[in-house]
Structures are given as C-alpha cells and as structure tokens.
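*Asks:* Starting from these lines, generate the structure:
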Amino acid sequence: MARAAWDRARQQYPRALATFGSENPSMPGTVGTSRPALQQVLRTGHLRELVTFLFQGISSDLVPEMLGGREDPNPEIEQERPSRRQAEGRAELERLAAQLNLDDTLSVTEKQAALARATRRHTVQRDPDDVRPPLSRAERPFAVNDLGLTWMPASSVYDLAMNTGLQEASEDTGGLVLTGTAGSTYRFLVHAARMRDQWGIDLDLGLIRAGMIAMSLSAGHHSFHEVMRGAQLALDAVPGHDPALDYQDNWGRYWNIHPLTEQELRAHVARDGLFPDEHARALLDVT
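*Replies:* All right, here's what the predicted structure looks like:
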C-alpha cells in the first residue's frame, strides 16, 4: 500500500514526496522527511514506520487527492467528535508551558528541560530498547531523548466523558473506550479499498486492519474496540466485502481477528490461553 502511494505520488506530485514523512518526535514511526529516509522505509521499513508513512500521506490528503479527492466524513465518527475533550494531563502541560514562558528567572534551556521532564510522565512508558519492532536507525534520533521515549499517546491528549453515547453503548457490549472511534483506521481502509478498485492493487483489508490494531494499541492511541469500529464503518461501504471481516461487537469480540486463527490468538495473545469473556465467566463461576 505504501509503495503504491509513493509510486503514484512520484508520477503526479513529485515535489510533495516529503509529505509522507514527519519530524514530529511525539509520533511513533517518525523518520524525518528526506527522500533517502522515506525510500529506506519502503525498502526495509517495519510496521510502525509504514503506518506513519501512510498516515502522513492520508491525513495530509495527498493520497485521497490521487484517488479522486477526499472521502466524505463518516457521520457516526463526526457525531462522536464533539464529545472528545482535552485530557487533563495535556491541559496541565499547556498550563506549565504558559507559566514557564512568563518566568524570567529561568533560561531557555532550563525552561525546555522542565517542560521535557513534565512531558515524560505522559509519553509511552517503555524502555526504548524494549520496543517491538526494535527502533530503526532512522527512528531513534526522533524517538529517544535523555529521558526515554518521546512518543505521545493519543490517550494522553484526548479522552471521552463517561456519559457520552459511545461510552454508554460500548458498556452494554463490553467494548473498552479510550479516545473514540479510530478515524485513522477508517480512512486507511477507505483508501485501501479505493486503491484496489482504481489502481488494481491487491490489498488485504483484514491484514491492514490488523496492522492498525498493532500500531494503535502499542502506541496508546485507541482501544481494540475503537479500531475495529473504525474499520467496520469503512467495510460497510465496501460492496461485497468479505463477511468474515465483520466485527462482532459483543463479549466474544476477541475470538475472530483476521488473519489470525483462534488457535494463534490463544497461543500468542490471550492470557493463559483464554479470552477475556472466558476469564469473566470463570470469575462468575467462582463467585
């Protein structure tokens, strides 16, 4: 998918190739905007780098433009967005930044250090050497500073009040909510389907969705439920999509995650080989 987007951009918008890159240290998968760095992502990049590459191309509307224009907003996602609010931790950082800016007793270096220390409490709390897949040589300068990882989860920036419609509906079905339905996953699958139809690219929508699950959960951007909801909204608009991909929004939601089999999920994902609903039933049996 990344290669197809890059090749088309080289033909149609050769001066816009840097759009696929980022120099934002708070974003996992950042490798900069130089052409050699982006070409290296296409040759040997891992999942995190490739997702960020495509996220930049899609969120900037470069990829949508090559596919005929930006897609229409999804009404369900649009209806949710007013309920998304700034997380308290983010608000604290902004207040601290404002206070430091007014403090004439500190040097610029001291102000930056103080803000960096405060920010560290809200970034991904993991040893940089324990990140999987391992940080690439291109990622490390952006992803790591003297305090650790610089990645900022979306859950440190946004949250949803417990009385929102998504929270209430998800509580009934056992879905966990973090920052709202994943609009990025929705857009990824919408444009993957457009690439298949318009460019004849053989793309597995279920595999792309699995990649978004891996990226979103490890980065703290969205819950599993939110990614699957975003993907399903896109799949609903794809004529003749494989029904095996349909999200079962119920207590058995973790049993079917294409392309993984139930056996693979039990062996490599499920704690003690049991899914959450099975753990819950076991607890109910005990009580």
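
*Asks:* which stretches of this protein form helices?
*Replies:* In the chain, the segments counted as helices under DSSP state H are 2-12, 35-44, 47-59, 62-66, 75-80, 88-102, 108-120, 140-143, 165-173, 183-199, 205-219, 224-235, 262-268, 276-286.

*Asks:* Buried residues, the shortest one. List them.
*Replies:* Going back to what we said before, that points to helix 140-143. 142, 143 (16 or more other Cβ atoms under 10 Å). All C-beta spots, glycine's among them, are computed from the backbone N, C-alpha and C.

*Asks:* for the first one, same thing?
*Replies:* Buried positions in helix 2-12, judged by neighbour count with 16+ other Cβ under 10 Å: 2, 4, 5, 6, 8, 9.

*Asks:* on that earlier part again, and the helices of the chain: which comes nearest residue 158?
*Replies:* helix 88-102 (7.8 Å; Cβ to Cβ).

*Asks:* got the buried residues for that closest one?
*Replies:* Neighbour count says helix 88-102 has 89, 90, 93, 96, 100 buried, by 16+ other Cβ under 10 Å.

*Asks:* quick one: contacts for the second one?
*Replies:* Neighbour list for residue 90: 122, 156, 157, 158 [criterion: Cβ atoms under 8 Å, 6 or more residues apart in numbering].

*Asks:* of those, closest to residue 17?
*Replies:* Residue 17 lies nearest to residue 157 out of the contacts of residue 90, by Cβ to Cβ, at 28.1 Å.

*Asks:* Am I right that the closest one is in contact with residue 88?
*Replies:* No: with contact defined as Cβ atoms under 8 Å, residue 157 does not count as touching residue 88 (10.8 Å).

*Asks:* rewinding a little: do you know which of the helices of the chain lies nearest residue 126?
*Replies:* Using Cβ to Cβ as the measure, helix 205-219 is the one of those that comes nearest residue 126, at 8.9 Å.

*Asks:* what distance separates that closest one from the centre of its chain?
*Replies:* 8 Å (Cα atoms, centre = their mean, to the nearest Å).

*Asks:* helices or strands next to that helix in the packing?
*Replies:* helix 47-59, helix 183-199, helix 224-235 (3 or more Cβ pairs under 8 Å, 6 or more residues apart in numbering; DSSP states H and E).

*Asks:* need those in CSV with distance to residue 257 and mean neighbour count, can you?
*Replies:* Output for these, formatted as CSV (distance: least, Cβ to Cβ, whole Å; neighbours: other Cβ atoms under 10 Å):
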stretch, distance to residue 257, mean neighbour count
helix 47-59, 15, 22
helix 183-199, 13, 21
helix 224-235, 8, 24
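
*Asks:* I'd like those as JSON lines, with distance to residue 84 appended.
*Replies:* Shown next, in JSON lines, are the helices and strands packed on helix 205-219 (distance: least, Cβ to Cβ, whole Å):
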{"stretch": "helix 47-59", "distance to residue 84": "16"}
{"stretch": "helix 183-199", "distance to residue 84": "10"}
{"stretch": "helix 224-235", "distance to residue 84": "11"}
